[in-house]
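In: Sequence first, predicted coordinates after that:
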Amino acid sequence: MSNPSAAKTSPGNFFEDFRLGQEIRHATPRTVTTGDVAVYQGIFGPRFAVQSSDVFARKIGYRQAPLDDLLVFHVVFGKTVPDVSLNAVANLGYADCRFLKPVYPGATLNAVSEVIGLRENANRKTGIVYVRSRGFDETGDVVLDYVRWVMVRKRDENAPAPPEKVPELAKAVEPAQLGAACPKIDAAAYDNVLAGSPHRFGGYKVGEKIDHLDGITVEEAEHMIATRLYQNTARIHFNQFAESKGRFGHRLIYGGHAISLARALSFNGLGNAFHIAAINGGRHVAPLFAGLTVFAWSEVLATVELPGRRDVGALRLRTIATKDRACPDFPFKSGEEYDPAVILDLDYWVLLPR
Amino acid sequence: MSNPSAAKTSPGNFFEDFRLGQEIRHATPRTVTTGDVAVYQGIFGPRFAVQSSDVFARKIGYRQAPLDDLLVFHVVFGKTVPDVSLNAVANLGYADCRFLKPVYPGATLNAVSEVIGLRENANRKTGIVYVRSRGFDETGDVVLDYVRWVMVRKRDENAPAPPEKVPELAKAVEPAQLGAACPKIDAAAYDNVLAGSPHRFGGYKVGEKIDHLDGITVEEAEHMIATRLYQNTARIHFNQFAESKGRFGHRLIYGGHAISLARALSFNGLGNAFHIAAINGGRHVAPLFAGLTVFAWSEVLATVELPGRRDVGALRLRTIATKDRACPDFPFKSGEEYDPAVILDLDYWVLLPR
Amino acid sequence: MSNPSAAKTSPGNFFEDFRLGQEIRHATPRTVTTGDVAVYQGIFGPRFAVQSSDVFARKIGYRQAPLDDLLVFHVVFGKTVPDVSLNAVANLGYADCRFLKPVYPGATLNAVSEVIGLRENANRKTGIVYVRSRGFDETGDVVLDYVRWVMVRKRDENAPAPPEKVPELAKAVEPAQLGAACPKIDAAAYDNVLAGSPHRFGGYKVGEKIDHLDGITVEEAEHMIATRLYQNTARIHFNQFAESKGRFGHRLIYGGHAISLARALSFNGLGNAFHIAAINGGRHVAPLFAGLTVFAWSEVLATVELPGRRDVGALRLRTIATKDRACPDFPFKSGEEYDPAVILDLDYWVLLPR
């Protein structure tokens, strides 16, 4: 018989499959539990007290220890992969990423994306797809909202180009938009010693650079376990048989893995930066492979008070992650060129108690 | 003093230790939690919505998201290893494996096996032991019932052969026996989009073959973590010092690992096959080692309606898993010989919403 | 601008930073969950029924399955690392380690250490720091109390030596001090078959040696996942880029990892030794690296009844762990020298039902 199975499996969407304004409801809904928290803890080792201790979290005003913000990000992101980026050549950027509601163990997350921009590349082989993705909890509330854009292959080079639309994206999330996922906290009840750092919001200055000192070597098992935890199906992370003949010769590590590593490393120097309120932009400057060791440093780009809030303040940070290179001299760019060791350039807002 | 420790450790049972009709209550009872679910998720990456989301599961009629059927299988199976197969040369087959009750996080599982067949091999060095194993939950209900047979070494070649008894085993579980572990579901409330596939029971045809497309490379840490999660103590999975001088030169990966990988891969093409109702038979055709990449394809062997049920229908599937070989051409057998890349030939029933 | 970041990151304490009598409250409080239990299960594979099954634990008198004693130990120990041993050259020993209260999933642990001894070494480059560390749960109860001593680098060789004080430490915890973390159990309700061993307290004799038979090969991903689960930040475990040029050329595996492996292996021969009541002393005789296979054997040093308790008795054990060497001949010392395969010499008390 003729084989109908091609109709059963999903090859993912190609550039010409996307339409401006299209809304994509993603599979698979996911109840996130303390089990996921533990696996995430084992893979990355975060030490922020708010996410680590129910008692600490309650004392300052949370219902209990919330999920790590990046675990929420990765779970929501993972849902978008089968529909948005299975045929991506490159994940080009993030913007306007805002965490909007604390997520606690037991929440069920799902995700919806809207196509907000399309631009075919001159070579006609690929195009750029801009999507706004939203993560929802089981009550229907938005917990996360972000834009990303990816370069996606065309199935057919001759498919006509869609009308070009490149969305305007703010360079940074406005301070007034920060903090929705952080309840009003009791800063007096926040125990610096238990949290592991004496430095609160007021202790940081614009231009200050912090070397986070430590390095973490990544193993194949680790990044694959993490990426499957998020149900992220991008093939390049899992299939050494194919990748051994591919672009890099290795499985490519999910870009979000480097973000989580950099965040965990940043505890040493930013121990009270307990919440990522927003991500302004992120660039995966170079690929990361198993066997390499990740380091990170951060620069304070801005310090702002949040309108109407005296409990927390926000730092805008640039965190740079490197591979196989310590960061005492804050490697970054020379001219337009990144230092060859740099793998991640992340621009984001964190909250600290005042 | 003479050393009595040999009496303290268990060398496992040898062929001559088994008696027909013998009942073996296995150690160790195990409370399975959302933590186990998360570790399993990280190792295999399943995406079936029913097991992933409490909300989705409740909406169609489950109390909450049930455990992955294969996690239940592996935990029950693991208990039988110290008593049944510690001295096994080979795990020869499974039959009549039925999932009988949904298992939710918090359940405590234990296992009992009955020796239902014995046959010494002509070489007098080994014999085949047939056991029917049952997994129970804390209420005493049977959640899983299956037969397996293993080739077990004799301690003493001269030990007399037991009376030979080879049980008759059905080639397949009857449709009337399927579905006990699946509550009546509300198929109208089953959301295809969230589940990730538009294809329900009626969309599959006998003879249809589906290449599941993706490949997953297995790491040593992964299969050992999974196998220890099940408290499976078979030595060949864990001890590289011994295995480096052994039959393969490598730790042998637990056969059930390949089953779980194939099941997770099968989501791409069988996304609504949310429940394994029964396993008719399974053959571990060739060993799997770390570093190899597993692929899978499936063929629909039968489609049946379940007596008295209009909510779900059953597909009988053959799923073939391979190592380091993609499956666009459905590698299987030439004559009696399996394609050298094939590692698993699994015959089982899955349920899909109608 | 001058860079103030050195003030933000913690380089850890150096020898001259410690003062006798100093009390150190450690970061980070940690709510331990069934998720942590599952990750621990996956990494080590313990099979003691009390910790594995809520039903079994309740039947004999626990509220539910308690956490593995060593998971509690590692979490408490991990908190002390950033303050006590980040600049340690060597972890020299443990003493007087007592488990004082059962810890259940959901408990929040934190830790406080007191400096109870200081002794500068003759070379003036290092000194020995003795700390008594206590782990507390969220009610403020002490769950664990132990002494350890570490050799710590000086920041400045010329810093004056503190007054020398070497605490007197008992060679072993007294039997009267054992059992606080074990509720009165119903020994008649303890099911030997489910527990996996017929040998209770009365079945062991002083001088008896038990080869635990099995071997477990350790992978880099495994020890790093475990060590991050405990939020242990000792750099030598995680950074291959630095360690490739370091003392060993490899990441050094956390000493506690070998203890947990030996404990899990000891199930085969000590299946009813369900609780570690105290650790009298422990020595990490040689380093352990990924790729090596750990074996273990135990000797019964003493058997004691506990004052006022007829439910359980205590065995004092020496458990020896080795690397890449099976233990049928109980490798230990020739003269003062340990067998070169030995990595761990642990002296501790376990409880068994009578």
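Out: Thanks, I have the structure now.
In: Now do the contacts for the residue in the stretch 251-354 of chain A positioned nearest to chain B.
Out: Using Cβ to the nearest Cβ, A:Arg251 is the residue of the stretch 251-354 of chain A that sits closest to chain B, at 7.0 Å. Just so you know, the C-beta spots here come from the backbone N, C-alpha and C atoms, and that holds for glycine as well. When contacts are counted by Cβ atoms under 8 Å, 6 or more residues apart in numbering or on different chains, A:Arg251 touches A:220, A:223-224, A:236-240, A:243, A:289-290, B:217.
In: at 10 Å what do you get?
Out: The neighbourhood of A:Arg251, defined by Cβ atoms under 10 Å, 6 or more residues apart in numbering or on different chains, consists of A:220, A:223-224, A:227, A:235-240, A:242-244, A:287, A:289-290, B:217, B:293.
In: which residues touch the closest residue to A:Leu261 other than its chain neighbours?
Out: Using Cβ to Cβ, 6 or more residues apart in numbering or on different chains and skipping the chain neighbours, the partner closest in space to A:Leu261 is A:Val294 (4.6 Å). The neighbours of A:Val294, taking Cβ under 10 Å, 6+ apart as the test, are A:214-218, A:253, A:257-258, A:260-262, A:264-265, A:288, A:321-325, A:343-344, C:238-239, C:241.
In: Drop anything exposed from the residues you listed.
Out: A:214-218, A:253, A:257-258, A:260-262, A:264-265, A:288, A:321-325, A:343-344, C:238-239, C:241 (16 or more other Cβ atoms under 10 Å in any protein chain shown).
In: And the residue of the stretch 251-354 of chain A closest to chain B, how far from A:Tyr230?
Out: 16 Å (Cβ to Cβ, to the nearest Å).
In: contacting residues around A:Cys182?
Out: A:Cys182 touches A:50, A:60-62, A:66, A:69, A:99, A:101-102, A:274-277, A:306, A:309, A:311-312, A:314, A:351, counting by Cβ under 10 Å, 6+ apart.
In: immediately after the helix or strand of chain A with the lowest mean pLDDT, which helix or strand?
Out: One helix or strand of chain A scores below all others by mean pLDDT, DSSP states H and E: strand A:88-99, with a mean of 92. Moving toward the C-terminus from strand A:88-99, the next helix or strand (DSSP states H and E) is strand A:108-120.
In: is that following strand anywhere near chain C?
Out: No - on the criterion Cβ under 10 Å from any Cβ of the partner chain, strand A:108-120 is out of touch with chain C, staying 16.8 Å away.
In: go on, stretch A:44-63?
Out: Yes - counting by Cβ under 10 Å from any Cβ, chain C is contacted by stretch A:44-63 at A:44-59.
In: follow-up on the earlier one: tell me who's in contact with the nearest residue to the residue of the stretch 251-354 of chain A closest to chain B once chain neighbours are set aside.
Out: Excluding the flanking residues, the one nearest A:Arg251 by Cβ to Cβ, 6+ apart is A:Glu243, at 5.0 Å. Going by Cβ under 10 Å, 6+ apart, A:Glu243 touches A:235-237, A:249-252, A:289, B:215, B:217, B:293.
In: on that earlier part again, from the residues of stretch A:44-63 next to chain C, which single one is nearest C:Thr31?
Out: For the residues of stretch A:44-63 next to chain C, the residue nearest C:Thr31 by Cβ to Cβ is A:Asp54; the value is 4.4 Å.
In: Count the residues that sit near that closest one.
Out: 24 (other Cβ atoms under 10 Å in any protein chain shown).
In: Does it touch C:Glu138 like I think?
Out: Yes - with contact defined as Cβ atoms under 10 Å, A:Asp54 reaches C:Glu138; the gap is 8.0 Å.
In: what is in contact with those two at once?
Out: Joint contacts of A:Asp54 and C:Glu138 (Cβ under 10 Å, 6+ apart) are C:29, C:31, C:106-108.
In: Quote the end-to-end distance of stretch A:332-341.
Out: Taking Cα to Cα, to the nearest Å, stretch A:332-341 runs 9 Å from one end to the other.
In: starting at the chain centroid, how far to that stretch?
Out: Stretch A:332-341 sits 22 Å away from the centroid of its parent chain (Cα atoms, centre = their mean, to the nearest Å).
In: check whether it contacts chain C.
Out: No - between stretch A:332-341 and chain C, judged by Cβ under 10 Å from any Cβ, nothing touches; the nearest distance is 10.7 Å.
In: one step back: which of the buried ones among the contacts of A:Val294 fall in helices?
Out: Of the positions in the buried ones among the contacts of A:Val294, A:257-258, A:260-262, A:264-265, C:241 sit in helices, assigned by DSSP state H.
In: Of the residues you listed, which is the nearest to C:Arg132?
Out: For these, the nearest to C:Arg132 is A:Ala264 (29.6 Å; Cβ to Cβ).
In: Could you tell me which residues make contact with the closest one?
Out: A:40-41, A:43-48, A:68, A:70, A:212, A:214, A:216, A:294, A:296, C:228.
In: got it, and A:Asp347?
Out: So A:Asp347 contacts A:94-95, A:171-173, A:278-283, A:299, A:301, A:316-319 (Cβ under 10 Å, 6+ apart).
In: now swap in A:Asp329 and tell me
Out: A:209, A:211, A:297, A:339.
In: Can you tell me the SS state at it?
Out: coil (DSSP: H, G, I helix; E, B strand; the rest coil).
In: Tell me the spacing between it and A:Thr322.
Out: Distance from A:Asp329 to A:Thr322, by Cβ to Cβ: 11 Å.
In: how about the helices in the stretch 101-250 of chain A?
Out: Applying DSSP state H, counting those that start in this stretch to the stretch 101-250 of chain A gives helices spanning A:192-195, A:220-229, A:240-243.
In: so the longest one versus helix B:220-229, what angle?
Out: Direction vectors for helix A:220-229 and helix B:220-229, defined by axes from the mean of the first three to the mean of the last three Cα atoms, to 10 degrees, enclose an angle of 60 degrees.
In: do helix A:220-229 and chain C meet?
Out: Yes - Helix A:220-229 reaches chain C (Cβ under 10 Å from any Cβ) through A:220-225.
In: which one's the longest helix in chain A?
Out: Scanning chain A for the helix with the most residues, using DSSP H, yields helix A:69-84.
In: Pull up the residues of the stretch 201-350 of chain A that are close to chain B.
Out: Counting by Cβ under 10 Å from any Cβ, the stretch 201-350 of chain A sits next to chain B at A:219-222, A:224-235, A:237-244, A:251, A:290.
In: List buried residues within those.
Out: Those of those that meet the buried threshold are A:219-222, A:224-235, A:237-243, A:251, A:290, by 16+ other Cβ under 10 Å.
In: mind checking pLDDT for the nearest residue to A:Gln41 once chain neighbours are set aside?
Out: Once flanking residues are discounted, A:Gln41 sits nearest to C:Leu229: 5.6 Å by Cβ to Cβ, 6+ apart. At C:Leu229, the pLDDT value in this model is 98.
In: just to revisit the earlier point, okay, and the common contacts of A:Asp329 and A:Thr322?
Out: Common neighbours of A:Asp329 and A:Thr322 (Cβ under 10 Å, 6+ apart) are A:297, A:339.
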